[in-house]
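Student: pasting the sequence and the predicted model now:
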Amino acid sequence: MNRAGNQIILILLLSFLTPKIVFSQVENKETNYPKIKNYFSIMHPIATITKDGNHFNFDGSYTVGFPVGINFLQSDKIAYSIEFAPMISFNDRASRVTGLLFHPGVIYRNIGGFNFLTRLAFNTNGRYG
C-alpha cells in the first residue's frame with residue numbers, strides 16, 4: 001500500500017476512535033442570582049426627527065452614540081436594565097454632545113427563547129439642568 005493509502009486509513013481510524021475518547025465538561029445548570037452584566041456598543045442613527053423636520057445622518061453632519069448599560073439579572077425570568085447613551089454630532093467646524101439618553105427598563109427573560117425588553121427613554125438634548 002502506498003503512503004496516501006496509509007494516511008487515509010489512519011484518518012478513518014482516528015475519526016472512528018475520537019468520538020469515544022473525547023468528552024466535554026458537564027454543563028452546570030445551577031445558576032446563582034443576582035448577577036450583574038454590562039455592555040458597550042456603538043450606534044449610528046439613520047434619522048433624527050424633530051419639530052423642525054427630519055435630519056438624516058451624513059446630511060451635513062455625522063452623529064454617533066455610545067450606549068453603555070448594566071443589566072441586573074434577578075432570576076431566569078426577570079432582570080432590570082439601565083442604559084446611558086451619549087450622542088455626539090460632528091460637522092465641518094466642530095463636534096459637540098447633542099444629547100444624553102437615559103434608558104431604564106425591565107427585561108422579561110426566556111419567553112419562548114427570546115427576551116422582551118421594556119424601556120423608558122429620557123433625553124437631555126444637550127441641555128444641562
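Tutor: Good, I have the coordinates. Numbering: from 1, shown residues only.
Student: so how far is the lengthiest strand in the chain off the chain centroid?
Tutor: As assigned by DSSP state E, the longest strand anywhere in the chain is strand 95-111. Here strand 95-111 is found 12 Å from its chain centre; the criterion is CA atoms, centre = their mean, to the nearest Å.
Student: please name the strands paired to it in the sheet, noting orientation.
Tutor: strand 78-90 (antiparallel), strand 114-119 (antiparallel), strand 122-123 (antiparallel) (DSSP bridges).
Student: for the shortest one, the distance to its chain's centre please.
Tutor: Same thing as strand 122-123. 21 Å.
Student: contact partners of that strand?
Tutor: Residues outside strand 122-123 that contact it (CB atoms under 8 Å, 6 or more residues apart in numbering): Gly99, Leu100, Leu101, Phe102, His103. No exception for glycine: its C-beta is placed from N, CA and C like everyone else's.
Student: what subset of the residues you listed is buried?
Tutor: Gly99, Leu100, Leu101, His103 (16 or more other CB atoms under 10 Å).
Student: out of these, who's nearest Asp76?
Tutor: Nearest to Asp76 among those is His103, at 22.9 Å by CB to CB.
Student: so what's that closest one closest to, chain neighbours aside?
Tutor: With CB to CB, 6 or more residues apart in numbering as the criterion, His103 has its nearest non-adjacent residue at 3.9 Å, and that residue is Glu83.
Student: which pLDDT value goes with the one you found?
Tutor: pLDDT recorded at Glu83 is 96.
Student: equivalent analysis for the one 4 residues further on, please.
Tutor: According to the prediction, Met87 has pLDDT 89.
Student: list the contacts of it.
Tutor: Pro45, Thr63, Val64, Gly65, Val97, Thr98, Gly99, Leu100, Leu101.
Student: so which of these is the closest to Tyr39?
Tutor: Nearest to Tyr39 among the contacts of Met87, counting by CB to CB, is Gly65 at 13.6 Å.
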